[in-house]
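Student: need a 3D model of the following:
(3 chains)
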Amino acid sequence: MSEEVKLMKGNEAIARAAIRCGCDGYFGYPITPQSEVMETLMEEEPWKTTGMVVLQAESETSSINMVYGGACTGKKVMTSSSSPGVSLMQEGISYIACAELPCVVVNVMRGGPGLGTIQPSQADYFQTVKGGGHGDYKLIALAPSTVQEMADYTVKAFDLAFKYRTPVMLLADGAIGQMMEKVVLPEQRPRATEEEIRANCPWAIVGKPASRGRNVITSLALKSEEMEATNIKLQAKYREIEKNEVIVEMHNCEDADYIIVAFGLCARICQKTMEMAREKGLKVGVLRPITLWPFPTEEIKALANKCKGMLCVEMNAGQMVEDVRLAVNGKVDVQSFGRLGGIIPAPDEVLNALEKLVADNA
Amino acid sequence: MNNDIIKPENLVYTKTPVLNDNPMHYCPGCSHGVVHKLIAEVIEEMGIQEKTIGVAPVGCAVFAYNYLEIDWEQAAHGRAPALATAVKRLWPDRYVFTYQGDGDLAAIGTAETIHACNRGENITIIFINNGIYGMTGGQMAPTTLEGMKTATCPYGRNTAINGYPLNITKLVAELEGTRYVTRQSVHTVAAVQKAKKAIRKAFENSMEGKGTSFVEIVSTCNSGWKMSPAKSNEWMVENMFKAYPIGDLKDK
Amino acid sequence: MAKFKGTVVVNTERCKGCELCVVACPSNVLAMSAQANTKGYNYVYMQNESDCIGCAACGRVCPDGCLTIYRAKL
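Tutor: Purely as a prediction, here's the structure:
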């Protein structure tokens, strides 16, 4: 197969990758800056080709509950939204996590709180990795930084969702959703057949054959002992995910005196800062967590033993910096730099913050 | 004694095995049990046990999945029609139904109800209307009658404060997407037979691709109403039927 | 005289004693037992078995599916 390079928006890449990876159903509601996901799907009409269902729901609440209902069937289902819409979905995500169902939720973040702004932001980090909805659950969170990764991590998100029977969040921001870049889309995979679903997902709601008891998908256990057992099982799964699934990218960290930690779009901006700093003779590296949960705690801890300080750069008031500080555990100074309300930090602003870190730790 | 006639060839009526032997948690005389049984009988008679998927609500019927021997999903409060929408679209050859009470369907889930019906989802919605929140201990429902006492309107529903009883079935019947909208009850043998026919018709419709079938069962909640089961049936006929008259609202 | 004779077999453990079958019976066959099951419910029994015509009205209105009805021609 020849690799066809196409120019497209990040949101479009998600939609096209979803069709290509054999997604069975998309349920969504329009919200800026991610509406192109559903718009692309509706233009493509995948129900005529792969048989994928695409439906515009009446709200984000309904979308996530359609995803819940659909995930119960053992099929590959997803939704996408942006920050206020994802807030509305939190109850449903908690149910899906508790019921141990696979699905993909895309959040193309915009500035909050409240109705906020439609400009890009990373202020939903806490919501994504610290819970968001009620109860003790975790979401695998993948943070792409390019349009190509929007496509690649859509596919990866489904693979992880089915591997662990857990919801996976693709956490991007409005800039990556809207920007156009070159993309090579994944090869078309077939959708799972009913026979494959029956074989691979014995828990799925397909209709009860005479050969087994009824399958019931619920997140309810009135007896505390049962609910504790459910929680213990979930936590064991989360430890397994933490052990196996951390993805991190490092640039020039080997000899670095100072480490910039940033995810998504900010990680790209910080690479420019790193180049500027190195030209000035500062040994700077960039560590980019690609999985925000599970978090690259061990990798950051190892670097804390040999660097002089870290700067966490985010499009928020300092959220991921808390996880960096937990990993560093006081070994070196960890400072935070962020722009708020939908403003993307510029490389020279980050350089100023970096130089302050250097001066403070000279 | 008539014990001599207890032979298979003389059997007239017994519990269908689709309704399993788990003791139901409902209060004595609760209408839920009768409606569960009717759905189970319809599933057995149509021979569709392997192709039926139920969506349970939040409320007294949250445990419906413990009693009917079919595959079930349990929804968040009010969201059963959203789950059922996805299931039916992803498994179009299955019989998909929701089972919801008045709080679930007509308060917190109003948007899901209206929009699933308006899209004409090919599902069956079974709506238990007893005018009260049973599971949480007898609070006011959207369908609570004017003047009716509940834990959150202890002096009776006052329309100046609480608004009016919501006739959601009438609203649903107005929507282009619904095919069959009916209101039934299960307080007498004749009513039970009619309700069963309505449920069967709704299930059959869901395979014809013509839209949503909506079956309201005006029901009793004798614990919430603080009456005996028999007295509750009488009260229902005298009071509930005036606000929620029995019969087909739409059959196209 | 009835043309049929019937009988009702009660699943006494499942019965919750709601009495709706007693109300539904056209022949006044059923009554509540003084005996209670393990859950403490007084269950239904056939007080006037000879009047039973096996119409199954009791079974159809029973919310808990406790009643099995047999009928034979006289």
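
Student: mind listing the helices for the stretch 151-252 of chain B?
Tutor: In the stretch 151-252 of chain B, the segments counted as helices under DSSP state H, counting those that start in this stretch are B:159-162, B:168-173, B:189-205, B:222-225, B:229-235, B:241-243.

Student: with the stretch 151-300 of chain A instead?
Tutor: Along the stretch 151-300 of chain A, the stretches classed as helices by DSSP H, counting those that start in this stretch are A:174-178, A:194-200, A:224-244, A:265-279, A:297-304.

Student: which parts of stretch A:101-116 are buried?
Tutor: Using 16 or more other Cβ atoms under 10 Å in any protein chain shown as the test for burial, stretch A:101-116 gives A:101-112, A:116. The C-beta positions use only the backbone N, C-alpha and C, and glycine is treated the same way.

Student: nearest to chain C among those?
Tutor: Taking Cβ to the nearest Cβ as the measure, chain C lies nearest residue A:101 of the buried residues of stretch A:101-116, at 32.2 Å.

Student: that closest one touches residue A:70, doesn't it?
Tutor: No: using Cβ atoms under 8 Å as the test, residue A:101 is too far from residue A:70 to be in contact (9.1 Å).

Student: now residue A:233: how far from residue A:199?
Tutor: 23 Å (Cβ to Cβ, to the nearest Å).

Student: interface residues of the stretch 51-200 of chain B facing chain A?
Tutor: By Cβ under 8 Å from any Cβ of the partner chain, the part of the stretch 51-200 of chain B that sits against chain A consists of B:51-53, B:55-56, B:62, B:65-66, B:68-76, B:79, B:82-87, B:89-91, B:94, B:111-112, B:115.

Student: again, only using 6 Å
Tutor: B:51, B:53, B:65, B:69-74, B:76, B:79, B:82-83, B:85-87, B:89-91, B:94, B:111-112, B:115 (Cβ under 6 Å from any Cβ of the partner chain).

Student: looking at those, which are in strands?
Tutor: Among these, the ones falling in strands (DSSP state E) are B:53, B:71-74.

Student: hang on, the earlier thing: can you redo the helices of the stretch 151-252 of chain B as CSV with mean neighbour count, mean pLDDT and distance to residue C:46?
Tutor: CSV is the format used below for these (neighbours: other Cβ atoms under 10 Å in any protein chain shown; pLDDT from 0 to 100; distance: least, Cβ to Cβ, whole Å):
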stretch, mean neighbour count, mean pLDDT, distance to residue C:46
helix B:159-162, 10, 97, 47
helix B:168-173, 20, 98, 39
helix B:189-205, 20, 98, 18
helix B:222-225, 23, 96, 24
helix B:229-235, 20, 98, 19
helix B:241-243, 13, 98, 32
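
Student: which of these sits closest to residue A:52?
Tutor: Residue A:52 sits nearest to helix B:189-205 of all the helices of the stretch 151-252 of chain B, at 26.4 Å, using Cβ to Cβ.

Student: quick one: is the closest one near chain C?
Tutor: Yes: Helix B:189-205 reaches chain C (Cβ under 6 Å from any Cβ) through B:189, B:192.

Student: just list what that helix packs against, helices and strands only.
Tutor: helix B:31-46, strand B:178-185, strand B:212-218, helix C:57-61 (3 or more Cβ pairs under 6 Å, 6 or more residues apart in numbering or on different chains; DSSP states H and E).

Student: report the angle between that helix and helix B:31-46.
Tutor: Angle, helix B:189-205 to helix B:31-46, by axes from the mean of the first three to the mean of the last three Cα atoms, to 10 degrees: 50 degrees.

Student: report the angle between helix B:189-205 and strand B:212-218.
Tutor: Angle, helix B:189-205 to strand B:212-218, by the same axes, to 10 degrees: 160 degrees.

Student: could you list the low-confidence segments of chain A?
Tutor: A:1-2 (pLDDT under 70).

Student: how about the stretch 1-150 of chain B?
Tutor: B:1.

Student: how about it: which residue is closest to chain C?
Tutor: Residue of the stretch 1-150 of chain B nearest chain C, by Cβ to the nearest Cβ: residue B:33 (2.9 Å).

Student: ditto for the stretch 201-350 of chain A
Tutor: With Cβ to the nearest Cβ as the measure, residue A:214 is the residue of the stretch 201-350 of chain A nearest to chain C, at 17.2 Å.

Student: number of nearby residues for the residue lying closest to that residue once chain neighbours are set aside?
Tutor: In space, and not counting its chain neighbours, residue A:214 is closest to residue A:208: 4.8 Å by Cβ to Cβ, 6 or more residues apart in numbering or on different chains. Counted by other Cβ atoms under 10 Å in any protein chain shown, the residues lying close to residue A:208 total 22.

Student: which helix or strand contains the closest residue to chain A within chain C?
Tutor: Closest contact between chain C and chain A, by Cβ to the nearest Cβ, is at residue C:65 (17.2 Å). Using DSSP states H and E, residue C:65 sits within no helix or strand.

Student: in terms of pLDDT, where does it sit?
Tutor: Turning to residue C:65, the model gives it a pLDDT of 97.

Student: follow-up on the earlier one: what about the residue of the stretch 201-350 of chain A closest to chain C, distance to residue A:222?
Tutor: 19 Å.

Student: and the two? Which one has more around it.
Tutor: With neighbours defined as other Cβ under 10 Å, residue A:214 and residue A:222 compare such that residue A:214 has more, 18 against 8.

Student: out of the helices of the stretch 151-252 of chain B, nearest to residue A:283?
Tutor: Among these, helix B:168-173 sits nearest to residue A:283 (Cβ to Cβ), with 67.9 Å.

Student: how about the residues of the stretch 101-250 of chain B that lie near chain C?
Tutor: B:189, B:192, B:229-230.

Student: CA atoms only for stretch A:247-259, dumped as CSV, please.
Tutor: Extracted in CSV, the C-alpha atoms of stretch A:247-259 (Å, rounded to 0.1, in the frame of the first residue of the first chain):
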residue,chain,number,x,y,z
ILE,A,247,4.4,6.7,27.0
VAL,A,248,6.9,9.6,27.2
GLU,A,249,9.0,11.5,24.7
MET,A,250,12.3,13.0,25.7
HIS,A,251,14.4,15.5,23.8
ASN,A,252,18.0,16.2,24.9
CYS,A,253,17.4,15.1,28.4
GLU,A,254,20.6,13.1,28.7
ASP,A,255,22.9,16.0,29.4
ALA,A,256,20.3,18.5,30.5
ASP,A,257,20.8,20.7,33.6
TYR,A,258,17.2,22.0,33.3
ILE,A,259,14.2,20.0,32.1
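
Student: what comes into contact with it?
Tutor: Here stretch A:247-259 makes contact (Cβ atoms under 6 Å, 6 or more residues apart in numbering or on different chains) with A:271, A:283-291, A:296, A:299, A:303, A:307-310.

Student: out of the helices and strands packed on helix B:189-205, deepest packed?
Tutor: Neighbour counts (mean count of other Cβ atoms under 10 Å in any protein chain shown) averaged over each of these peak at strand B:212-218, with a mean of 28.

Student: that strand: partners in the sheet, and parallel or antiparallel?
Tutor: Strand B:212-218 has the following strand partners under DSSP bridges: strand B:124-129 (parallel), strand B:178-185 (parallel).
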